[in-house]
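Undergrad: Quick one, what's the 3D model for this:
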Amino acid sequence: MKIQITADLLDGLVLALLDRKDYYGYSLTQDMQQAISISESTMYPVLRRLKKNEFLTTYDKPYQGRNRRYYQITDAGREHLNRVRKMWVDYKGSLDEIFFGKKEEEISG
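TA: Model (predicted):
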């Protein structure tokens, strides 16, 4: 069974990876696949949307005679990432209460 990922959560996951380092598209997709099932055909529209919203920028870098397009988080992207992280913590806390009858602090502590 797969749990559906919302656009906000997907944006947050992409920005969280980009907050660690710059990525080119294929590499970013590979690292995302460690956590969720996502294809390149899904990833590139997400990257275009994030760029349009000025949450990331791009630059090209030569690699084996070709250019790779790298994605880099912006300050606005970091602000958006922090908002998504806050939404996630709140959402996860309310789900934990339903699943476990406790808040996260009580579960881990």
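Undergrad: Next, the buried residues of stretch 3-13.
TA: Using 16 or more other Cβ atoms under 10 Å as the test for burial, stretch 3-13 gives 5, 9-13. Placement of C-beta: from N, CA and C, glycine included.
Undergrad: Return the item of these having minimum pLDDT.
TA: Lowest in pLDDT among these is residue 5, which has 84.
Undergrad: Please settle this for me: is that residue part of a helix?
TA: No: assessed with DSSP: H, G, I helix; E, B strand; the rest coil, residue 5 is coil; it does not lie in a helix.
Undergrad: for the nearest residue to it once chain neighbours are set aside, phi and psi?
TA: Sequence neighbours aside, residue 36 is the residue nearest to residue 5 in space, at 5.9 Å (criterion: Cβ to Cβ, 6 or more residues apart in numbering). Backbone torsions of residue 36, given as degrees, to the nearest 10, read phi -140, psi 160.
Undergrad: so where's the longest helix in the protein?
TA: The longest helix of the chain (DSSP state H) is helix 75-100.
Undergrad: in it, what counts as buried?
TA: So, applying 16+ other Cβ under 10 Å, buried residues of helix 75-100: 77, 80-81, 84, 96.
Undergrad: Might you report the residue contacts of the residue nearest to the spatial centre of the chain?
TA: Centroid-nearest residue in the chain, with Cα atoms, centre = their mean: residue 13, separated by 1.7 Å. Contacts here follow Cβ atoms under 8 Å, 6 or more residues apart in numbering; on that basis residue 13 touches 5, 32, 35-36.
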